[in-house]
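J.: Here is a sequence together with a model predicted from it:
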Amino acid sequence: MGIDPALYEASSIDGASAGQQFRKITLPMLKPIMLYVLVTSMIGGLQLFDVPKLMTNDMGGPNGVAKTVVMDISEGIIGSGDIGLAGAESVILFFVAGVIGIFLFKLMQSDDEKEAKKYKKERKKAMKAAAKGVQ
C-alpha cells in the first residue's frame, strides 16, 4: 500500500512485464520494511525462551535438543549458579546478533547506496593520484 501506483502505471506504459515490475519496483520499495522484519525476527529467534521451556517441561527435550542459548543462560544464572558462564554466553549472543544484523544490512543495501560507495571510492583514489601528480 505504501508504493505509489503511478510507478506501476508508468512501467506498464513503458512495456515492463509483471516480473520486471516486481523486481524493479516492488522489491526495492519494500527493502526497508523487509530489513526491519528480518532483524527483529532474527533477534526474537535468538532470544527464544518460553516456548521450548514450556514444551519440554524445563528440560530441553531428549538430550537437550530443544534447549536454546537463552535457556542455558537462565539455567546458569538461576539453576547451577555459574554466573560467569551465563554472562559470557550473553556477550557471545550479543555479538552473534550484531554480526547477523550487520550481514542483513549489507545484504539489503540498495543498489543506489552501492553505486554511491563505489563512486566515493573512485573519487578518493583520483584525488590521491592528483595529489601525487601535483607534488
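T.: Cool, the structure landed. Numbers count the residues shown, from 1 in each chain.
J.: Could I get the full set of helices for the chain?
T.: With DSSP state H as the definition, the chain shows helices at residue ranges 5-13, 18-21, 27-46, 50-55, 69-74, 83-107, 111-134.
J.: pLDDT weak spots in the protein?
T.: Scanning the chain for pLDDT under 70 picks out 111, 134-135.
J.: one more time with 80, if that's ok
T.: Residue ranges of the chain with pLDDT under 80: 1-2, 58-61, 64, 79-81, 109-116, 132-135.
J.: Leaving out chain neighbours, which residue sits closest to the residue nearest the centre of the chain?
T.: When the chain is reduced to its mean C-alpha position, the nearest residue by C-alpha atoms, centre = their mean turns out to be residue 104, at 2.9 Å. Nearest non-adjacent residue to residue 104, counting by C-beta to C-beta, 6 or more residues apart in numbering: residue 38, 5.3 Å away. Every residue, glycine included, has its C-beta placed from N, CA and C.
J.: Could you report the neighbour count for the one you found?
T.: For residue 38, the count of nearby residues is 16 (other C-beta atoms under 10 Å).
J.: picking up where we left off before, now do the same contact list for the residue nearest to the centre of the chain.
T.: Counting by C-beta atoms under 8 Å, 6 or more residues apart in numbering, residue 104 touches 35, 38-39, 42.
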